[in-house]
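Q: Turn this into a model:
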Amino acid sequence: MSIGIPSRRYGFFAGSFFITLLLYIDRVCISSAKDSITGDLNLTDIQMGWVLSAFALGYALFQVPGGALGDKYGVRKVMTTIMVLWSIFTALTGVAWNYISMLFFRFVFGAGEAGAFPNISRAAYSWVPLKERGIFQGINFSGSRLGAAFALPLVAYLIDAWGWRTIFYFFGAIGILCSILFFILFRNKPEDHNGISNVEKNYIVKNRQQKEESTIVELPLSQILKSKNVILAMIQYVGSNFIFFFMLTWLFPYIKTKYNLNLVTTGFYAMLPLLAGAVGNWVSGFTVDVIYKKGKWKLSRQTPAITGFSLVVIGILSSLYMETALSAVLCLSVAIFGADMTLSPSWSFCIDIGKENSGKVSGMMNMAGNLGSFSTALAFPYLMEWTGSEEPFFYVAALLGGIAIVCWLFMDSTKEIS
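A: A predicted model of the protein is given here:
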């Protein structure tokens with residue numbers, strides 16, 4: 001950043017960080033509450049897998065509509081609506097009285113959260129100078145990991161103190177309050193924000209990715225799907241989400257049962273991979289910007305992503321040879337550190353090639369990734385039932401990481417969709 005340039009835009013960075021923090025706190029509550037929910041509602045592990053996958057399916061299916069609405073109507077209105085919707089259905093999760101009601105509430109909760117990241121991505125196109133894009137994405141996604149990490153032991157403690165239903169009411173109310181603050185404080189473009197000086201506005205406008213006169217204002221989905229870059233971005237993101245969603249859903253009950261741990265101890269073990277993920281986001285965001293500033297735009301996206309997926313494969317396969325809870329979790333922490341190294345380059349890549357259509361493009365990638373999450377929620381319990389072992393699940397995750405590495409070898413951030 002040039003000397004003398006004000007930095008009020010970092011308020012946008014902080015705001016997106018706290019939104020993703022809340023997003024993942026609301027999302028991960030159900031993992032800590034799994035035993036209490038299955039006990040109260042008489043659910044099997046297979047049924048709980050479908051409950052977890054219902055969220056992922058709703059989240060996947062509404063990625064593109066959520067991003068497209070932000071592109072068309074502006075992030076401020078759409079994001080506020082999204083936050084209100086997901087907060088209402090966070091609270092309604094605590095009302096669920098049987099398997100079907102829980103499936104419905106979690107599906108709509110997922111649909112409500114779906115547009116969050118595509119809209120943040122669209123806002124970043126207007127607010128974030130190109131050379132700061134990597135660190136913004138790193139900070140942004142680290143919020144989600146820290147939210148999930150600290151929620152696991154916190155929610156485990158609150159379940160003992162309040163019961164599982166009350167925690168969903170509590171976090172739903174916090175979400176409504178945050179949506180009000182967002183609407184008051186955020187503007188779609190820095191040019192419209194009275195709290196940003198003219199000097200900083202000019203700096204942002206001059207240094208953000210520029211719109212070309214010949215650019216198509218609104219690309220149809222059919223045209224977006226003709227892009228090799230988009231298809232490859234979608235495929236590689238499945239590999240990232242497949243293993244990460246396991247950490248949000250099945251890791252907690254998996255290590256609790258396998259190593260005979262109590263609720264709170266399990267929460268502290270389960271938070272370690274998520275803390276590693278937060279660090280992975282910071283490292284990746286920094287790396288993306290450093291390489292970009294050297295004039296290597298394409299490599300600034302490829303290098304951290306390929307490195308990250310390599311660590312995913314190494315960490316997952318190593319965990320299969322560990323005999324204690326701590327050693328297995330540390331190996332999985334390496335895998336999640338690597339998986340989260342892929343996020344900043346992936347989302348930066350979508351903004352690079354999508355420009356003013358980045359809401360749709362990032363929505364397409366995130367939709368594909370969360371179909372991977374949908375598969376995770378079901379693959380783990382079904383493979384355990386069919387094979388009597390957790391190992392096949394981890395081999396599948398490692399294979400998807402290898403496929404993602406191949407995808408990144410052919411992705412080019414300098415070729416925008418046209």
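
Q: Measure how buried residue 44 is and give me the count.
A: 12 (other Cβ atoms under 10 Å). The C-beta positions use only the backbone N, C-alpha and C, and glycine is treated the same way.

Q: same question, residue 231
A: Using other Cβ under 10 Å: residue 231 sits among 17 other residues.

Q: and what of residue 48?
A: By other Cβ under 10 Å, the residues close to residue 48 number 23.

Q: element containing it?
A: Secondary structure assignment for residue 48, by DSSP states H and E: helix 45-61.

Q: buried stuff in the helix or strand following that helix?
A: Following helix 45-61 in sequence order, the next helix or strand is helix 63-73 (DSSP H and E). Neighbour-count burial for helix 63-73, counted by 16 or more other Cβ atoms under 10 Å, picks out 63-71.

Q: tell me what helix 63-73 is packed against?
A: Here helix 63-73 touches helix 75-93, helix 116-127, helix 358-387, going by 3 or more Cβ pairs under 8 Å, 6 or more residues apart in numbering; DSSP states H and E.

Q: Determine the set of other helices and strands touching the longest one.
A: In this case it means helix 358-387. helix 45-61, helix 63-73, helix 116-127, helix 221-224, helix 228-249, helix 343-354, helix 391-409.

Q: and the angle for the longest one with helix 45-61?
A: Taking axes from the mean of the first three to the mean of the last three Cα atoms, to 10 degrees, one finds that helix 228-249 is oriented at 140 degrees with respect to helix 45-61.

Q: tell me the angle of helix 228-249 relative to helix 391-409?
A: Using the same axes, to 10 degrees: helix 228-249 against helix 391-409 is 150 degrees.

Q: From the contact counts, what lies against the helix or strand just after helix 228-249?
A: As assigned by DSSP H and E, the chain's next helix or strand after helix 228-249 is helix 251-258. Counting contacts by 3+ Cβ pairs under 8 Å, 6+ apart, helix 251-258 is packed against helix 10-32, helix 34-41, helix 263-293, helix 325-341.

Q: which stretch among the ones you listed comes nearest residue 117?
A: Minimum separation from residue 117 across those (Cβ to Cβ) falls at helix 10-32, 7.7 Å.

Q: quick one: secondary structure of residue 417?
A: Secondary structure state of residue 417, per DSSP: H, G, I helix; E, B strand; the rest coil, is coil.

Q: re earlier: so which of the helices and strands packed on helix 251-258 gets nearest residue 412?
A: Of all the helices and strands packed on helix 251-258, helix 263-293 sits nearest to residue 412, with 14.3 Å by Cβ to Cβ.

Q: any idea of the mean pLDDT for the closest one?
A: Mean pLDDT, computed over helix 263-293, is 88.

Q: Counting by contacts, list what it packs against.
A: Under the contact criterion of 3+ Cβ pairs under 8 Å, 6+ apart, helix 263-293 touches helix 10-32, helix 133-162, helix 228-249, helix 251-258, helix 297-319, helix 325-341, helix 343-354.

Q: Give the burial count for residue 173, as a bare number.
A: 13.

Q: correction: residue 295
A: Neighbourhood size, residue 295 [other Cβ under 10 Å]: 8.

Q: how much space between it and residue 414?
A: 11 Å (Cβ to Cβ, to the nearest Å).

Q: now residue 135
A: Residue 135 is 20 Å from residue 414, by Cβ to Cβ.
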